[in-house]
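> I'll drop the sequence and a predicted model, then ask my questions.
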Amino acid sequence: MSQNGHPGGTDTAARDAEIAQEQEHVDTVYGRLDELRAVAVRAEKDGYNFSHARVPGAQYERDVFVYQAAKRLHTLDAEHEGLVFGRLDLDGDITRHIGRIGLRDAAQKPLLLDWRAPAAAPFYRATAADRMSVIRRRVIRSSGRTVLDISDDLLDTEHGEGELSVIGDGALMAALARARGERMKDIVATIQREQDEAIRAEARGVTMISGGPGTGKTVVALHRAAYLLYADRRRFEGGGVLVVGPSTVFLRYIERVLPSLGEDAAALYALGEFVDGAKAVRQDAPAVAAVKGAMRIRKVLSRAARLTPPTAPETLTIVYRGQVLRLGEPELTAARRAVHARNLQHNHAVTEAGRALLIALWRKAKERIESGLVPAEFSREVGHRNEFLDFLHRWWPELGPETVLRWLGDPRLLGQASQGALTRREVERVAASLTETDWSVSDIPLLDELAGLLGRPKAPKAARENLGDGIQELTTVQDRLFTRAARSERGADYDGYAHVVVDEAQDLSPMQWRMLGRRGRQASWTIVGDAAQSSWPDAGEARRARNEALGRLPRREFHLTTNYRNSAEIFEYAAESIRESVPDADIPKAVRRTGAVPVELRVPHGELPATVAERVKELLGQVEGTVGVITPATERDQVAGWLEPDERVHVMTALESKGLEFDAVVAVRPDRVAAESGPGVRYVVFTRATQFLTVVNSL
Ligand SMILES: Nc1ncnc2c1ncn2[C@@H]1O[C@H](COP(=O)(O)OP(=O)(O)OP(=O)(O)O)[C@@H](O)[C@H]1O
């Protein structure tokens with residue numbers, strides 16, 4: 001919002017009068033909300049009364065009825081911090097209040113305009129130069145149902161104060177200066193023009209949003225998801241909106257933003273969560289992650305999917321008409337090759353495998369038995385024997401991706417599968433990493449790729465749910481709606497999303513792009529990122545993989561230019577550090593000056609624990625919100641041990657800190673972070689702090 005508001009020179013009485021006027025409207029809005037809530041509760045009850053209907057059509061009607069009522073109730077119940085947050089006074093004496101949802105009174109007169117409605121756009125876009133019929137724009141700050149304060153921008157300066165009172169300014173600055181907590185907050189009251197343009201961009205194709213640290217890329221992407229759900233609910237709720245973030249910590253940080261905007265329908269996934277049942281949080285060492293993320297690993301995986309299972313028996317012996325028919329290693333290998341030549345997915349090729357074995361056995365039989373052999377009879381008789389079927393299922397077992405990836409923990413098998421795609425040293429390192437008990441974040445795309453190569457095993461038929469008297473079924477309708485529904489119901493391999501939002505896109509490896517590409521084949525996309533913060537070593541290959549995932553969809557680009565997170569002092573320090581290695585980094589303008597310059601310390605190694613502990617303690621006294629202590633990859637637990645437990649202190653590695661922010665940050669050994677993961681990641685660390693930054697390196 002432009003800061004061309006009138007200086008806050010009006011007296012307290014005028015301010016109180018304006019606040020009282022807004023309170024009146026806010027009371028009317030909540031009164032109406034309570035009425036609608038009562039109607040929705042009644043409607044839901046009526047739905048239950050339908051529940052004994054036995055005619056299928058009536059059951060369906062009841063379901064729809066209850067679904068709609070429950071959904072409405074849920075929207076009305078959503079956490080509405082500041083349900084009414086804005087007001088526009090427009091030419092022609094028109095007043096519009098802007099809020100998180102749209103509401104009309106009993107006579108259908110608008111009481112509140114949804115922030116996403118086209119008519120609300122001037123709230124975010126009007127400037128003095130292009131005022132879009134806006135005379136005055138007002139931001140209303142409330143706590144619960146009580147209006148606390150207002151802040152105005154007068155866009156039409158020809159209107160004197162006699163006509164319209166203008167009170168203070170700085171809603172944005174106030175929002176930026178507030179303490180940071182555990183969760184990101186929505187910015188619906190203070191979205192800026194360039195952000196709004198990206199939020200409301202056309203749904204089709206690919207919307208790319210770039211910008212330096214703290215320019216609001218994440219928060220804009222989330223508001224865009226809410227906007228798309230509003231603009232075309234049928235399409236986006238139907239197919240689903242997928243939001244992808246770098247880590248589970250990050251998802252926890254952002255997960256309240258969409259519900260606070262009244263939207264629950266998006267599925268939030270961290271990159272380590274795209275395999276059902278696996279929740280990978282462990283990061284591989286950078287050298288190992290670089291191999292697992294690169295395109296060349298595909299060759300290794302496709303060969304791995306064709307390896308002879310280490311548990312497969314090595315000979316098949318059948319006695320037919322008194323003759324011993326024996327298939328040894330050469331015949332079995334040839335049979336396996338013949339099956340592979342058909343290019344079927346492993347789990348869909350068991351019939352082919354059986355056929356190949358029978359053909360090999362038939363050849364042996366023909367060598368030994370001179371007359372009376374009939375192929376059909378031979379196949380029928382041998383192919384149905386238990387000994388043959390037992391062998392087949394051990395020789396060509398149903399394979400899950402996890403089993404095959406575990407095989408590669410054996411350097412011999414990985415070496416066999418890699419054949420020139422990996423160096424000997426890489427084989428050793430990658431194999432060692434695959435013997436860990438849990439999967440790493442960079443294993444997940446490999447499992448996903450293998451799942452595609454192997455094919456989904458035929459699932460056992462699910463037991464039919466007993467819907468009993470219908471009440472249970474009604475509960476299911478609601479559960480589907482409200483408990484991270486899209487996610488739990490669709491499963492991690494769901495591939496029909498209507499829209500995919502990718503945050504921190506600069507860090508995705510080629511293999512991660514392939515994983516997302518499979519889920520977004522029919523989707524439009526929003527992709528946000530900042531190349532200078534990248535931790536991925538081969539930007540060219542990642543770009544090619546991204547282009548492949550996006551296909552030929554039309555693209556539009558938006559660029560955000562203002563840093564809303566860091567104080568100008570902190571950002572200047574951070575920008576200096578990145579310019580040395582990335583001279584063309586996208587450097588935004590930080591708008592808030594605090595006078596607190598970053599503190600830089602260099603101490604003997606042995607003094608690190610005491611220095612860090614001391615600084616954290618000091619900072620806890622200086623800020624109201626959180627203190628982030630950010631460490632090199634392998635030193636998090638050690639550093640955590642230096643500190644007193646405190647719920648405001650968050651200790652994490654540099655990679656884990658991506659996308660997060662804290663009132664104060666202590667960067668522990670950032671020089672080591674740069675050596676380990678590159679200067680882009682050190683830049684991430686420095687740009688997490690909103691008010692205070694302390695940098696501690698060892699001598
Ligand atoms: N218009 C705005 N009004 C109020 N706060 C804003 C606005 N835009 C951004 N912010 C705040 O600025 C901070 C940074 O936003 P966000 O995390 O979305 O930036 P980012 O570009 O994704 O950053 P990074 O790339 O460094 O992780 C957040 O606290 C966000 O709420």
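That came through, no problem.

> Sketch out the low-pLDDT regions of the stretch 451-600 of the chain for me.
Segments of the stretch 451-600 of the chain classed as low confidence (criterion: pLDDT under 70) are 458-489.

> Get me the contact residues on it for the ligand.
With C-beta under 6 Å from any ligand atom as the criterion, the stretch 451-600 of the chain meets the ligand at residues 530, 533, 564, 565. Glycine gets a C-beta too; all of them are placed from N, C-alpha and C.

> do you know how far residue 528 is from residue 198?
Counting by C-beta to C-beta, to the nearest Å, the gap from residue 528 to residue 198 is 9 Å.

> Need the residues touching each of those two.
The contact sets of residue 528 and residue 198 overlap at 209, 220 (C-beta atoms under 8 Å, 6 or more residues apart in numbering).

> Dump the residues of the stretch 451-600 of the chain next to the ligand to a markdown table, plus secondary structure and neighbour count.
Listed next are those as a markdown table, based on DSSP: H, G, I helix; E, B strand; the rest coil; neighbours: other C-beta atoms under 10 Å:
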| residue | secondary structure | neighbour count |
| --- | --- | --- |
| 530 | coil | 26 |
| 533 | helix | 25 |
| 564 | strand | 23 |
| 565 | strand | 20 |
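
> Closest one of those to residue 109?
Closest approach to residue 109 among these (C-beta to C-beta): residue 564, at 36.1 Å.

> residues contacting the closest one?
176, 214, 215, 216, 591, 592.

> Try it again at 10 Å.
By C-beta atoms under 10 Å, 6 or more residues apart in numbering, the contact list for residue 564 reads 172-173, 175-176, 187, 190, 192, 195, 213-216, 219, 588, 590-592, 690.

> shaky segments in the stretch 151-300 of the chain?
Short version for the stretch 151-300 of the chain, where the test is pLDDT under 70: 159-170.

> Could you pull out the strands in it for me?
For the stretch 151-300 of the chain, the strands defined by DSSP state E, counting those that start in this stretch cover 206-211, 241-245, 266-270.

> looking at those strands, which is buried most?
Across the strands of the stretch 151-300 of the chain, averaging neighbours per residue (mean count of other C-beta atoms under 10 Å) puts strand 241-245 on top, at a mean of 25.

> what packs against that one?
helix 217-231, helix 248-254, helix 257-260, strand 266-270, helix 485-490, strand 499-502, helix 510-519, strand 524-529 (3 or more C-beta pairs under 10 Å, 6 or more residues apart in numbering; DSSP states H and E).

> how about a markdown table for those, with distance to residue 439 added?
Converted to a markdown table, the helices and strands packed on strand 241-245 look like this (distance: least, C-beta to C-beta, whole Å):
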| stretch | distance to residue 439 |
| --- | --- |
| helix 217-231 | 26 |
| helix 248-254 | 13 |
| helix 257-260 | 28 |
| strand 266-270 | 13 |
| helix 485-490 | 19 |
| strand 499-502 | 21 |
| helix 510-519 | 13 |
| strand 524-529 | 25 |
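
> Could you report the neighbour count for residue 298?
When neighbours are defined as other C-beta atoms under 10 Å, residue 298 has 16 of them.

> Surely it is in contact with residue 448?
No. Judged on C-beta atoms under 10 Å, residue 298 makes no contact with residue 448 at a distance of 11.7 Å.

> what do these two both touch?
What both residue 298 and residue 448 touch, as defined by C-beta under 10 Å, 6+ apart, is the set 511, 514.

> Mean confidence (pLDDT) on the helix or strand hosting residue 24, please.
Element membership for residue 24, per DSSP states H and E: helix 12-49. In this model, helix 12-49 has an average pLDDT of 83.

> and that helix, how far from the chain's centre?
Centroid separation for helix 12-49 versus its chain: 34 Å, with C-alpha atoms, centre = their mean, to the nearest Å.

> just checking, what packs against that helix?
Looks like helix 12-49 contacts helix 56-77, strand 84-90, strand 94-99, strand 103-104, strand 110-114, strand 134-143, strand 146-154, helix 471-482 (3+ C-beta pairs under 10 Å, 6+ apart).

> hey, what's the spatially most central residue of the chain bridged with?
What sits nearest the mean C-alpha location of the chain, by C-alpha atoms, centre = their mean, is residue 244, with 2.0 Å. Assessed by DSSP bridges, residue 244 has beta-bridge partners residue 269, residue 502.

> contacting residues for the closest residue to the ligand within the stretch 251-400 of the chain?
Residue nearest to the ligand within the stretch 251-400 of the chain: residue 254 (8.4 Å; C-beta to the nearest ligand atom). Residues in contact with residue 254 (C-beta under 10 Å, 6+ apart) are 183, 184, 218, 219, 221, 222, 243, 245, 268, 503, 659, 660.

> My guess is the fifth one contacts residue 209. True?
Yes. Counting by C-beta under 10 Å, residue 221 does reach residue 209; the two are 6.7 Å apart.

> can you list residues touching both of those two?
Counting by C-beta under 10 Å, 6+ apart, the common neighbours of residue 221 and residue 209 are 198, 199, 501, 503, 505, 526, 527, 528.

> Please identify which pair of those residues lies farthest apart.
Longest span within the shared contacts of residue 221 and residue 209, C-beta to C-beta: 199 and 505, 17.2 Å.

> Which residue, neighbours along the chain excluded, lies closest to residue 549?
residue 517 (2.9 Å; C-beta to C-beta, 6 or more residues apart in numbering).

> what about the one you found, distance to residue 441?
On the measure of C-beta to C-beta, residue 517 and residue 441 end up 18 Å apart.

> Show me where the stretch 1-150 of the chain dips below the pLDDT cut-off.
Within the stretch 1-150 of the chain, the set of residues satisfying pLDDT under 70 comprises 1-10, 43-44, 46-81.

> Compare residue 517 and residue 441 (neighbour count), which wins?
Between residue 517 and residue 441, counting by other C-beta under 10 Å, residue 441 is the more crowded of the two (24 against 20).

> ok, that one touching residue 658?
No. With contact defined as C-beta under 10 Å, residue 441 does not reach residue 658; the gap is 11.8 Å.

> Spit out the residues that contact these two alike.
Common neighbours of residue 441 and residue 658, using C-beta under 10 Å, 6+ apart, are 246, 247.

> Tell me which helix or strand comes right after the helix or strand hosting residue 580.
Element membership of residue 580, judged by DSSP H and E, is helix 568-581. The helix or strand immediately downstream of helix 568-581 is strand 589-592, counting by DSSP H and E.

> so after that next one, what's the next helix or strand?
strand 599-603.

> With just CA atoms, put that following strand into CSV.
Only the C-alpha atoms of strand 599-603 are listed here, as CSV (Å, rounded to 0.1, in the frame of the first residue of the first chain):
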residue,chain,number,x,y,z
VAL,A,599,26.8,-8.2,15.4
GLU,A,600,29.7,-10.2,14.0
LEU,A,601,31.9,-12.3,16.3
ARG,A,602,34.9,-14.5,15.7
VAL,A,603,36.0,-16.6,18.7
